[in-house]
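**Q** Okay, sequence plus prediction incoming.
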Amino acid sequence: MCQDNNDIVPDLTKTHGVVNDSKVQAFEFHPSTQAAKISACVGAKYENGRICVNFPIIGEICFNVSLNIPIGASVNVCMETCGFRFGVPPFKGIKATVYFQNNAIWSGVIWGSC
């Protein structure tokens with residue numbers, strides 16, 4: 001279970017409407033953008049100690065994590081960007097929280113550094 005609630009990425013599916021749209025729309029940052037915070041929650045499968053998710057701008061991110069849940073279990077992964085840097089992307093890392101049966105069971109940085 002997650003120890004520190006300050007590190008948990010909120011489950012946006014509980015506070016925002018969920019849109020299931022098969023069309024993926026790309027977006028771009030204007031060159032004048034100096035900071036951006038992006039959050040996303042996606043469904044995923046826990047397979048062989050690994051979870052793979054797609055995050056805007058970055059694309060597919062796979063991370064290894066040891067969880068006490070069945071292999072093949074469906075999980076929600078809520079992610080948000082952290083840190084700031086000049087350039088593309090305008091953030092330093094992505095932190096995530098894995099939810100299983102509506103409970104936060106793991107949190108950590110899955111890309112870059114925070």
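**A** Received the coordinates, thanks.
**Q** What separation do you get for the residue nearest to the spatial centre of the chain and Pro70?
**A** When CA atoms, centre = their mean is applied to the chain, the residue found nearest the centroid is Met79 (2.3 Å). For Met79, the distance to Pro70 equals 23 Å [CB to CB, to the nearest Å]. The way it works is simple: take the backbone N, C-alpha and C, and place the C-beta from them, glycine included.
**Q** repeat for Asn54
**A** Taken as CB to CB, the span from Asn54 to Pro70 is 23 Å.
**Q** who's more crowded, those two?
**A** Neighbour totals were compared for Asn54 and Pro70, and Asn54 leads with 13 against 9 (other CB atoms under 10 Å).
**Q** Tell me how many other residues crowd the nearest residue to the more buried one once chain neighbours are set aside.
**A** The shortest distance from Asn54 to any non-neighbouring residue, by CB to CB, 6 or more residues apart in numbering, is to Glu60 (5.4 Å). Glu60 has 8 neighbours, counted by other CB under 10 Å.
**Q** In three-state terms, label Glu60 for me.
**A** Following DSSP: H, G, I helix; E, B strand; the rest coil, we place Glu60 in the strand state.
**Q** Could you tell me which residues make contact with it?
**A** 52-54 (CB atoms under 8 Å, 6 or more residues apart in numbering).
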